[in-house]
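Undergrad: only geometry, no sequence info:
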């Protein structure tokens, strides 16, 4: 009875919420209050697929959902912002029968990397994809190893892990089938599925980011080698001492054709890229791997993902005065995300100006912490393509100070704490403009565009 | 000529700590003081007593233990540097290495360097983070920063486990000053406002990241201190204008104040 009641309340609140256009996690939150173990009582579908990691969760979920829907699969999935247990409960309970059976063949979940350990106490994913772990919102998350420990606590035996073989920390999540049985910690076994990107024309020979969290091997602490690096510390790592290295991959990007914006997976499946940047190739590959594990024909997946434009709007086009431009939504407190955006602007091949806005560091909490600016490789903008660099928002002086310690000519740098004033100065030119900022600040720019 | 050691720059570098060295080097150069910054992955690779300033930044809990194991081999040299008045700055969890013991979240005890009489206990349940404003005896202005930790630091022999073995002579709690007194944010024991440690010319603080970048007056204080302790004859501090540093500080202070 309690199950039915909790489900009814959740569905009713969800319906009211829809009418009021209110947030999506409240119905689940209340259902969990009424019956904390409710998710244990639900009959889950054949496939429960979870995706977590620092970057690319939402994009990977959206791409996977799109390919599964294109193949005619019956699935439900959560949208951005409702990836903690309350949001997950809302999704599940509002999509199940009154007797607690989920009305779908596949449940696809974006899962918060810190809170997955709570969610998966109540049910176990059949497939669990971990995209990457990097320095992300350290003011909230501590550091990547802290997040690693949280995710580790969410992994259960029997779940198929779909792992990024190019990430030295994510690779440590693999089920260890050789581990001796230990009474306190039962052997955690399950299948490991690996995805990764082979060496490409643009691979670097070593880590070129401002920091290398895998300078030392995370297993044995010896100095780590990298055969090639795609960005940050993603690539073919190998430890000369203990032998820890990039695992052989089951799903592989075998070619990246940058001029044509096309990739080849496993030597035969070609996919047109609608979004630039190596990070987007990882998201695509993770989605491809997951669909493969769920039994989709790889050609069907490739066709569905080819040229697919995300609806979550991370890349936006705009007009400003006589200019055309692209806004690259990046994440404050996340240098990997910034570096990727800076590379897109620097390698665009056309003359352009760049505007960077740091006004509110987070939209969810307050902090004045700016040390992450020193983790970003702003020197990527030291490129003949790049003209003027505008730094706007509350923290423009922190940005300007950071730029003092790049090789970029100081005469190109213009700082304005008032965003409208800075943007006003930009209107007179007709040169292309790249805008790099976070969710928390992008609307402050977009309201000023035409 | 001032020789600076940035120890464990590849191991303990979690919050942009390298920027402290970048700005310190620039500011010393602006005072016409020659400066050399040496980085080292192991204390065994350098002679600690060769340096006028030693800096260590913050790391993850696991990496801090690796650094601690390495530094144990140079324990006597560290004690000598502290007692002989070498200028030292340890930010984030690196100064925890100087206490008696660090008990990790699994309850494992890692012997500290026993330079100072305090004990550290880590936990894995809750990350303790937050912006900080503080009074600091070295500067006539409010100190700003950020704390990002999972530990509690307790001073005095009483804090040790009842069955703790008597350990090497550590500088008693009564001789240790705090680095700053927090007005906003967390102190050593997450209750009282006392934050960090100061003894002779050593400063240890849980404030992470580019502390000297965020606090222009603290950087000035250190520059003067290093200049005066160097072989530069008749040093006179020349004020320079660093508008971005000053503006960034003013904004942070205003936001936190």
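TA: Noted; the coordinates are in hand. What you are looking at is a predicted structure, and each value in this text was computed from that prediction instead of being measured.
Undergrad: Help me confirm that residue B:22 is found in a strand?
TA: No - if the criterion is DSSP: H, G, I helix; E, B strand; the rest coil, then residue B:22 is helix and not within a strand.
Undergrad: before we move on, which element is whatever residue of the stretch 101-250 of chain B ends up closest to chain A in?
TA: The nearest approach of the stretch 101-250 of chain B to chain A comes at residue B:209, 3.2 Å away (CB to the nearest CB). Every C-beta, even on glycine, is put in place using the N, C-alpha and C of the backbone. Counting by DSSP states H and E, no helix or strand carries residue B:209.
Undergrad: surely it meets residue B:18?
TA: No - counting by CB atoms under 8 Å, residue B:209 sits too far from residue B:18 to count as a contact (9.9 Å).
Undergrad: Those two: which is more packed in?
TA: residue B:209 (30 against 22; other CB atoms under 10 Å in any protein chain shown).
Undergrad: got a list of what the more buried one touches?
TA: Applying CB atoms under 8 Å, 6 or more residues apart in numbering or on different chains to residue B:209 gives the contacts A:369, A:371, A:374, B:15, B:16, B:17, B:19, B:58, B:91, B:92, B:145, B:146.
Undergrad: how does it look with 7 Å?
TA: Contact analysis of residue B:209 by CB atoms under 7 Å, 6 or more residues apart in numbering or on different chains lists A:371, B:15, B:16, B:17, B:146.
Undergrad: how many neighbours does residue 210 have?
TA: Looking at chain A here, since you left the chain open. By other CB under 10 Å, 19 other residues sit near residue A:210.
Undergrad: Can you look at chain B instead?
TA: Neighbour tally, residue B:210, other CB under 10 Å: 29.
Undergrad: Up against chain A, what does chain B have?
TA: Proximity of chain B to chain A, by CB under 7 Å from any CB of the partner chain, involves residues B:10-11, B:13-16, B:19, B:22, B:60, B:62, B:66, B:124, B:127, B:129, B:131, B:146, B:148, B:208-210, B:244-245, B:247-248, B:251-252, B:255-256.
Undergrad: please redo it, this time with the cut-off set to 8 Å
TA: Applying CB under 8 Å from any CB of the partner chain, we find that chain B lies next to chain A at B:10-11, B:13-16, B:18-19, B:22-23, B:60-63, B:66, B:124, B:127, B:129, B:131, B:144, B:146, B:148, B:150, B:208-210, B:213-214, B:243-245, B:247-248, B:251-252, B:255-256.
Undergrad: At which residues are the helices of chain B located?
TA: Ranges of helices in chain B, per DSSP state H, are B:18-30, B:61-72, B:75-83, B:211-214, B:216-229, B:243-256.
Undergrad: Likewise for the stretch 101-250 of chain A?
TA: Ranges of helices in the stretch 101-250 of chain A, per DSSP state H, counting those that start in this stretch, are A:116-119, A:138-141, A:144-152.
Undergrad: The stretch 251-400 of chain A too?
TA: Counting by DSSP H, counting those that start in this stretch, the helices of the stretch 251-400 of chain A are A:278-293, A:298-305, A:335-346, A:396-404.
Undergrad: Quick one: list the elements packing against the last one.
TA: Put plainly, it is helix A:396-404. Helix A:396-404 sits against strand A:386-392, strand A:413-416, helix B:243-256, with contacts defined as 3 or more CB pairs under 8 Å, 6 or more residues apart in numbering or on different chains; DSSP states H and E.
Undergrad: how about 7 Å then?
TA: The contact analysis (3 or more CB pairs under 7 Å, 6 or more residues apart in numbering or on different chains; DSSP states H and E) places helix A:396-404 against strand A:413-416, helix B:243-256.
Undergrad: Quick one: residues in contact with the first one.
TA: Applying CB under 7 Å, 6+ apart, the external contacts of strand A:413-416 come out as A:388, A:389, A:390, A:391, A:392, A:396, A:397, A:399, A:400, A:403, A:422, A:425.
Undergrad: one more time with 6 Å
TA: Strand A:413-416 is contacted from outside by A:389, A:390, A:391, A:392, A:396, A:400, A:403, A:422, using CB atoms under 6 Å, 6 or more residues apart in numbering or on different chains.
Undergrad: Give the pairing partners of it; include direction for each.
TA: Strand A:413-416 has the following sheet partners, assigned by DSSP bridges: strand A:386-392 (parallel).
Undergrad: What are the contacting residues of the partner strand?
TA: Strand A:386-392 has contacts (CB under 6 Å, 6+ apart) with A:353-357, A:399-400, A:412-416, A:419, A:422.
Undergrad: Quick one: name the residues of the stretch 151-300 of chain A near chain B.
TA: For the stretch 151-300 of chain A, the contact set with chain B under CB under 6 Å from any CB of the partner chain comprises A:211, A:215, A:221.
Undergrad: JSON lines please, covering these and showing pLDDT and neighbour count.
TA: Shown next, in JSON lines, are these (pLDDT from 0 to 100; neighbours: other CB atoms under 10 Å in any protein chain shown):
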{"residue": "A:211", "pLDDT": "97", "neighbour count": "21"}
{"residue": "A:215", "pLDDT": "98", "neighbour count": "15"}
{"residue": "A:221", "pLDDT": "96", "neighbour count": "17"}
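Undergrad: Please flag which of the residues you listed sit within strands.
TA: Applying DSSP state E to these, no entry is found in strands.
Undergrad: tell me what the helix or strand bottoming out on mean pLDDT in chain A is packed against?
TA: For chain A, counting by mean pLDDT, DSSP states H and E, helix A:2-20 ranks last in confidence among helices and strands (a mean of 80). With contacts taken as 3 or more CB pairs under 6 Å, 6 or more residues apart in numbering or on different chains; DSSP states H and E, helix A:2-20 sits against helix A:26-34.
Undergrad: hang on, the earlier thing: including mean neighbour count, could the helices of the stretch 251-400 of chain A go into JSON lines?
TA: Converted to JSON lines, the helices of the stretch 251-400 of chain A look like this (neighbours: other CB atoms under 10 Å in any protein chain shown):
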{"stretch": "helix A:278-293", "mean neighbour count": "25"}
{"stretch": "helix A:298-305", "mean neighbour count": "20"}
{"stretch": "helix A:335-346", "mean neighbour count": "24"}
{"stretch": "helix A:396-404", "mean neighbour count": "23"}
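Undergrad: Those: which one's closest to residue B:103?
TA: Of all those, helix A:335-346 sits nearest to residue B:103, with 32.2 Å by CB to CB.
Undergrad: how far out from the middle of the chain is that closest one?
TA: Here the centre of helix A:335-346 is set off from its chain's centre by 14 Å, with CA atoms, centre = their mean, to the nearest Å.
Undergrad: ok, how many other residues are close to residue A:318?
TA: Each residue near residue A:318 was counted by other CB under 10 Å, and the total is 16.
Undergrad: Now it: closest residue in space, sequence neighbours ignored.
TA: Take residue A:318 and drop its neighbours on the chain: the residue closest to it by CB to CB, 6 or more residues apart in numbering or on different chains is residue A:449, 4.3 Å away.
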